[in-house]
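1. sequence first, then the predicted structure, then my questions.
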Amino acid sequence: MQQHTYQTLLDVSKRVNWRIDDIIGGDKKLDFSKPFLPETFSRTEALAFLSDRERLTLNHIRAHGYLAMFGLVEECILPFVNMAIEHDEGEPHRIPALQQFAEEEVKHMELFRRFRREFADGFGSECGFIGPPEAVRDAFLAHHPMAVAIATLGIEWMSQAHYVESVRDDGDLDPQFKSLLKHHWQEESQHARMDALLLQELARHATPDVVERAIDEYFEIGAFLDGGLKGLAQLDLESFERATGRTLTADHREEFLAVQFQALRWTFLGSAMRNKNFLAALGELGGNARARVEEASAMFC
């Protein structure tokens with residue numbers, strides 16, 4: 001496997017850098033006649049009481065939450081990267097590479113805000129989302145730096161796999177939504193590898209007890225996010241009823257929440273915890289870090 005350095009990652013980042021105006025706005029519009037998310041993540045087919053049109057509506061609601069969640073997570077990652085910039089590790093390309101990383105995260109947050117505005121204009125009704133962002137960010141960053149680094153790395157590798165394995169070759173999806181995910185993936189590819197370098201830096205100074213504590217706190221971050229996903233499933237149900245004008249029966253509501261909550265858990269937690277690159281990085285920490293995460297992943301599938 002190729003060994004990446006801050007210098008090589010910075011060089012790649014400069015080559016693939018794109019502007020928001022080049023990929024959204026003007027004649028580059030979302031096509032609401034097509035699904036935005038693969039069924040792998042939306043899991044609408046499991047809800048037999050929905051019509052095809054209602055499944056498409058739910059797919060769009062889930063896609064709205066998908067990019068909104070990445071925007072929220074990047075609000076947490078940005079201050080972590082900025083804190084890493086403050087520590088000079090003596091590598092001349094490290095700070096410029098991390099500064100590029102931070103600038104791209106700011107750009108991605110603006111891209112997702114632009115998407116949500118365009119989505120609102122085209123979808124026709126309001127879609128709720130969890131927050132406020134400041135509270136989520138503070139809860140995320142309250143943990144040990146290594147736990148934050150582990151959680152960040154899982155999220156970055158997760159987003160890579162989502163595009164490559166589920167989105168890129170799905171010809172049924174809206175090309176504009178795929179374009180947003182493609183451009184996000186192009187830059188996040190470098191971010192995942194820089195996160196891996198940051199985790200390696202922390203691991204060099206960590207005892208086995210510190211690694212164990214970091215995994216404990218990684219699970220705490222996961223539990224916090226899991227609670228947010230449960231709230232998001234409820235908000236998606238409300239958004240669905242508002243958009244369709246249909247009030248589901250109590251039994252159908254219960255089924256909707258169960259299926260969609262588990263779909264969200266897989267999308268944002270399980271698919272990260274089972275990502276081969278993420279697990280390989282955990283294996284390099286030593287001890288039973290990898291085994292603990294693999295074992296815990298079963299509940300999120």
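-> On my side now, so go ahead.
2. helix, strand, or coil at residue 130?
-> coil (DSSP: H, G, I helix; E, B strand; the rest coil).
3. wait, residue 248
-> coil.
4. how close does it get to residue 265?
-> Residue 248 sits 21 Å away from residue 265, going by Cβ to Cβ, to the nearest Å. Backbone N, C-alpha and C define where each C-beta goes, glycine included.
5. buried ones in the helix of greatest length in the chain?
-> Longest helix of the chain, by residue count under DSSP state H: helix 208-244. Across helix 208-244, burial judged by 16 or more other Cβ atoms under 10 Å covers 211-215, 217-222, 225-226, 228-229, 232-234, 236-237, 239-240, 243-244.
6. and that helix, what does it pack onto?
-> Under the contact criterion of 3 or more Cβ pairs under 8 Å, 6 or more residues apart in numbering; DSSP states H and E, helix 208-244 touches helix 52-85, helix 133-141, helix 145-161, helix 250-265, helix 289-296.
7. residues contacting the residue lying closest to residue 40 once chain neighbours are set aside?
-> Excluding its sequence neighbours, the residue lying closest to residue 40 (Cβ to Cβ, 6 or more residues apart in numbering) is residue 166, at 4.8 Å. By Cβ atoms under 8 Å, 6 or more residues apart in numbering, the contact set of residue 166 is 38, 40-41.
8. low-confidence ranges, the stretch 101-250 of the chain, go.
-> Along the stretch 101-250 of the chain, segments meeting pLDDT under 70 are nowhere present.
9. quick check: residue 151 touching residue 140?
-> Yes: using Cβ atoms under 8 Å, residue 151 makes contact with residue 140 at a distance of 7.3 Å.
10. so what sits against both of these two?
-> What both residue 151 and residue 140 touch, as defined by Cβ under 8 Å, 6+ apart, is the set residue 221.
11. quick one: which of those two has more around it?
-> Per other Cβ atoms under 10 Å, whichever of residue 151 and residue 140 has more neighbours is residue 151, with 27 against 22.
12. now render the helices and strands packed on helix 208-244 as CSV, adding distance to residue 281.
-> Formatted as CSV, those follow (distance: least, Cβ to Cβ, whole Å):
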stretch, distance to residue 281
helix 52-85, 16
helix 133-141, 19
helix 145-161, 6
helix 250-265, 22
helix 289-296, 9
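13. quickly compare the ones you listed and say which is most buried.
-> Burial of these is given as mean neighbour count (mean count of other Cβ atoms under 10 Å); helix 145-161 ranks first at a mean of 24.
14. for the helix or strand that that one is followed by, name the packing helices and strands.
-> Toward the C-terminal end, the helix or strand that comes next after helix 145-161 (DSSP states H and E) is helix 175-204. Here helix 175-204 touches helix 6-16, helix 52-85, helix 94-123, helix 145-161, helix 276-283, going by 3+ Cβ pairs under 8 Å, 6+ apart.
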